[in-house]
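> Just the structure for this:
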Amino acid sequence: MADSQWRVPLFEPDFGEAELAAVARPVREGWLTMGPRVAELEAAWQAHTRAQHAVAVTNGTAALCLCALAAGLGPGDEVLCPTLTFVASANAVRFMGAEVVFVESKGEHDLTLDPADCARKITPRTKAIMVVHYAGFPADMGALLALSREHDLLLLEDAAHAVFTRVTAGEEERMCGTWGLCGAFSLFSNKNLTSGEGGMVATGDADLARQLRLWRNHGMTTATMDRHRGRALGYDVVVHGYNYRLDELRASLALAQLDRLPGFLAARHRLYNLYREALAELPVVLPFGDQVPPNGTECPVGIHIMPILLPEETDRLAVMASMRERGVQSSVHYPPIHLFSAFTRQGELPALPRTEALAARQLTLPLYPTMGDDQVTVVAEALGAALSRL
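Model (predicted):
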């Protein structure tokens, strides 16, 4: 249910009887911590993404931290990371004691990280590239794969936005999150499929998958449910691990959402193209617009958010306030990470003028599967009125 103050909220989850039944199931079964529903979700994720292994965890940040741990990051290592992303992409690197080297976005029509700027910033200490698929749109995997092979770098994928986005590099097509050493996904409340909190790590390495399962469960050799059901009498702790387990309630809810995901993605595709028409006469830029095919054709992108770029020198806060007066919620994705206090305290600010200029113009419009055509019109009219007033 949308917040009553908004004619058009930024997002709205779509829950129904299937989700209610899914949440009730583990309650009736009497087991709530990691168990059969988690295993079922992992198997379904593998099938949908064609990943060889999928490991469910508590949230997307935990998934990113496990990716950083899997890469063996530590003090003295550098990781290339876009600054135009959620802070978790960089925090996961810092948690391991490694340094984050921020890189520019490509430009107006592609806000993902720039492979050319990555190449300029590689040093003998560079160990990995944190690839972020922004708004559901894939980064330039062809160029990034070539760069990683040339310099023997690991690729870690933040696919929190890009659930089931397909990308082609060379002659190969894969899902985002399945190209590198491992990929992290999020099931947060505003994601394309949600369980409130939750995450997934995908990898093609069987040994790494076994290690990930140990790390998420305190390094224990058996799970609590195995002991509860008498399948094991004890356990050993073979590595230092964490409690990154996903619970049965969220796993069951995610499974119900997963069944509905194709419909969700089709609705997002259709709404994106409605926005394209509604905004055509306004002085705004739609990044990634050339990657979205017309309605009626298959869309390879699992579109997550609706980013636009305002005209240069526009007072974005005034635009947002004007739209709010008309009952339209908007947001910013994202303030550049390198300008946050936790990162500016680390020393001299990096020079990222292109991304700073793009970020100052970025505005996120409402987008969610239950959004009506008339609500797209309301948003476009509110944006047009705000720009006219300014």
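> Which residue ranges of this protein form helices?
If you assign secondary structure with DSSP state H, the helices in the chain sit at 17-29, 36-49, 60-70, 88-95, 115-120, 141-151, 206-215, 224-228, 248-278, 316-325, 341-344, 353-361, 373-389.
> okay if I get these as TSV plus mean pLDDT?
Below are the helices of the chain laid out as TSV (pLDDT from 0 to 100):
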stretch	mean pLDDT
helix 17-29	96
helix 36-49	97
helix 60-70	98
helix 88-95	98
helix 115-120	98
helix 141-151	98
helix 206-215	97
helix 224-228	68
helix 248-278	98
helix 316-325	98
helix 341-344	90
helix 353-361	98
helix 373-389	97
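> Give the closest residue to Pro335 in space, chain neighbours not counted.
Leaving out its chain neighbours, the residue that sits closest to Pro335 by Cβ to Cβ, 6 or more residues apart in numbering is Ala359, at 6.7 Å. (Each C-beta comes from the backbone N, C-alpha and C, glycine too.)
> I should have written Asp158 there, sorry.
Nearest non-adjacent residue to Asp158, counting by Cβ to Cβ, 6+ apart: Val132, 4.4 Å away.
> Count the neighbours of that neighbour for me.
Each residue near Val132 was counted by other Cβ atoms under 10 Å, and the total is 28.
> Looks like Lys69 contacts Leu214 (just checking).
Careful, residue 69 is Leu and not Lys. No: in this structure, Leu69 sits apart from Leu214 without contact. The criterion is Cβ atoms under 8 Å, and the distance is 11.0 Å.
> what sits in contact with each of the two?
Taking Cβ atoms under 8 Å, 6 or more residues apart in numbering as the contact criterion, Leu69 and Leu214 have no common neighbours.
> Output stretch 358-374 as CSV - backbone C-alpha positions only.
What follows is the C-alpha trace of stretch 358-374 in CSV, where atoms were taken according to Å, rounded to 0.1, in the frame of the first residue of the first chain:
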residue,chain,number,x,y,z
LEU,A,358,26.6,13.9,-13.7
ALA,A,359,25.7,13.1,-10.1
ALA,A,360,24.6,16.7,-9.6
ARG,A,361,22.1,16.4,-12.4
GLN,A,362,20.8,12.9,-11.6
LEU,A,363,17.2,12.4,-10.4
THR,A,364,15.3,9.2,-9.9
LEU,A,365,11.7,9.0,-10.8
PRO,A,366,9.1,6.5,-9.5
LEU,A,367,9.1,3.1,-11.1
TYR,A,368,7.4,-0.1,-9.8
PRO,A,369,5.3,-2.8,-11.5
THR,A,370,1.9,-1.7,-10.1
MET,A,371,2.4,1.8,-11.3
GLY,A,372,-0.5,3.0,-13.6
ASP,A,373,-0.1,4.7,-16.9
ASP,A,374,-1.9,7.7,-15.5
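> returning to what we had before: out of the helices of the chain, deepest packed?
The highest average neighbour count among those, using mean count of other Cβ atoms under 10 Å, belongs to helix 60-70 at a mean of 26.
> quick one: contacts of it?
Contact with helix 60-70 is made by 55, 57, 79, 88-89, 91-93, 95-96, 98, 156-158, 160, 181-188, 198-201, 203, 208, 211-212, 215-216, 242, 244, as judged by Cβ under 8 Å, 6+ apart.
> What remains of the residues you listed if I keep only buried residues?
The neighbour-count test (16 or more other Cβ atoms under 10 Å) marks 55, 57, 79, 88-89, 91-93, 96, 98, 156-158, 160, 181-188, 198-201, 203, 208, 211-212, 215-216, 242, 244 as buried among the contacts of helix 60-70.
> how far does the longest strand along the chain sit from the chain's center?
Ranked by number of residues, the top strand in the chain under DSSP state E is strand 126-132. Averaged C-alpha coordinates place strand 126-132 at 16 Å from its chain's average position (Cα atoms, centre = their mean, to the nearest Å).
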